[in-house]
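**Student:** Here is the input, now give the coordinates:
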Amino acid sequence: MRRIILFAILVAVVASSCSVEEKTLLFNGQNLTNWSIHLPDSIDEGSVFYVDDEKIHVGGIPNGYIKTNEMYDNYKLHVEWRWIDQPKNSGVLLHATGEDMIWPNCIEAQLMAGKAGDFVLIGKGSGITVNGQEYLVESEENRYLVSDKFEESSENQPGEWNSYDITVTDTNIKLKVNDVLQNEGINPTRTRGHICIQSEGGPMEFRNIYLVKLK
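**Tutor:** Numbering: from 1, shown residues only. Modelled structure (predicted):
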């Protein structure tokens with residue numbers, strides 16, 4: 001009987017350890033080691049993006065972004081953000097590739113105030129299908145295309161923290177804002193790339209940025 005009990009305990013411990021999701025910290029709470037900063041020439045990078053009290057402070061002006069040094073695919077991404085002053089615009093750029101420009105080719109998880117949960121397709125060839133409708137950017141002259149979120153805004157008031165939980169696979173992208181499913185699309189044309197955080201319009205803060213790789 002004792003052997004059976006010990007075996008049962010061992011099985012439970014192994015099962016528990018296997019179920020723990022291994023997080024990849026994209027932001028370590030101390031610095032921007034895992035990121036590169038992209039801003040117009042002659043701009044003081046530290047005045048736009050800097051770390052304080054385990055948070056990334058984003059100035060909002062001028063437009064620019066930080067980009068992960070690594071490229072990723074098939075993951076669950078968690079990002080927390082809040083507006084410091086009047087809510088403006090920002091975004092989490094997924095699968096960013098190609099030339100560093102404002103803005104790179106990608107599929108954006110929108111963070112514009114009141115619009116968090118929209119898909120914004122940026123750059124020729126960026127596309128996704130939502131509720132049976134295909135969205136595809138066909139030219140660089142018109143390089144932005146929006147697929148609206150499903151529900152009314154689920155964002156919190158300025159000064160309060162919000163969460164973005166983004167699930168990305170080769171065939172699907174799902175956006176949750178404060179645990180509300182706001183968008184989901186299939187057959188994305190971009191399935192691997194860098195993750196970026198925008199500076200666009202107003203000051204805000206980010207924290208707890210990590211991903212879990214999907215097998």
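**Student:** tell me, what residue is most central in the protein?
**Tutor:** Centroid-nearest residue in the chain, with C-alpha atoms, centre = their mean: Val92, separated by 4.0 Å.
**Student:** would you say Gly46 is within a strand?
**Tutor:** No: Gly46 sits outside any strand when classified using DSSP: H, G, I helix; E, B strand; the rest coil, being helix.
**Student:** Run a quick neighbour tally on Thr191.
**Tutor:** Thr191 has 16 neighbouring residues, counting by other C-beta atoms under 10 Å. For glycine as for every other residue, the C-beta is placed from the backbone atoms N, C-alpha and C.
**Student:** Which residue is the nearest non-sequential neighbour of it?
**Tutor:** In space, and not counting its chain neighbours, Thr191 is closest to Asp170: 4.9 Å by C-beta to C-beta, 6 or more residues apart in numbering.
**Student:** Give me the three-state assignment for the one you found.
**Tutor:** Per three-state DSSP, Asp170 ends up coil.
**Student:** element containing Thr167?
**Tutor:** strand 162-168 (DSSP states H and E).
**Student:** That strand pairs with which strands, parallel or anti?
**Tutor:** strand 75-83 (antiparallel), strand 172-177 (antiparallel) (DSSP bridges).
**Student:** and that strand, which residues are buried?
**Tutor:** For strand 162-168, the neighbour count (16 or more other C-beta atoms under 10 Å) marks 162, 164-168 as buried.
**Student:** Please state the mean pLDDT value computed over stretch 76-93.
**Tutor:** Mean pLDDT, computed over stretch 76-93, is 96.
**Student:** follow-up on the earlier one: adding distance to Gly64, write the strands paired with strand 162-168 out as TSV.
**Tutor:** Output for those, formatted as TSV (distance: least, C-beta to C-beta, whole Å):
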stretch	distance to Gly64
strand 75-83	16
strand 172-177	23
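**Student:** what sits up against stretch 165-184?
**Tutor:** 72-79, 92, 94-95, 107, 109, 116-119, 128, 130, 147, 149-151, 154-156, 162-164, 185-188, 191, 214 (C-beta atoms under 8 Å, 6 or more residues apart in numbering).
**Student:** Dump the C-alpha coordinates for that stretch into CSV.
**Tutor:** C-alpha atoms of stretch 165-184 as CSV (Å, rounded to 0.1, in the frame of the first residue of the first chain):
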residue,chain,number,x,y,z
ASP,A,165,-3.7,38.5,-24.0
ILE,A,166,-2.8,37.6,-27.5
THR,A,167,-2.7,34.1,-28.8
VAL,A,168,-0.8,33.5,-32.1
THR,A,169,-0.5,30.4,-34.2
ASP,A,170,0.3,29.8,-37.8
THR,A,171,-3.4,29.7,-38.6
ASN,A,172,-5.1,32.0,-35.9
ILE,A,173,-4.7,35.2,-34.0
LYS,A,174,-6.9,35.9,-30.9
LEU,A,175,-7.1,39.2,-29.0
LYS,A,176,-8.4,39.5,-25.5
VAL,A,177,-8.7,42.9,-23.7
ASN,A,178,-9.2,42.5,-19.9
ASP,A,179,-10.3,38.9,-20.5
VAL,A,180,-12.9,39.9,-23.2
LEU,A,181,-12.5,38.3,-26.6
GLN,A,182,-12.4,41.4,-28.9
ASN,A,183,-11.1,39.9,-32.1
GLU,A,184,-10.1,36.6,-33.7
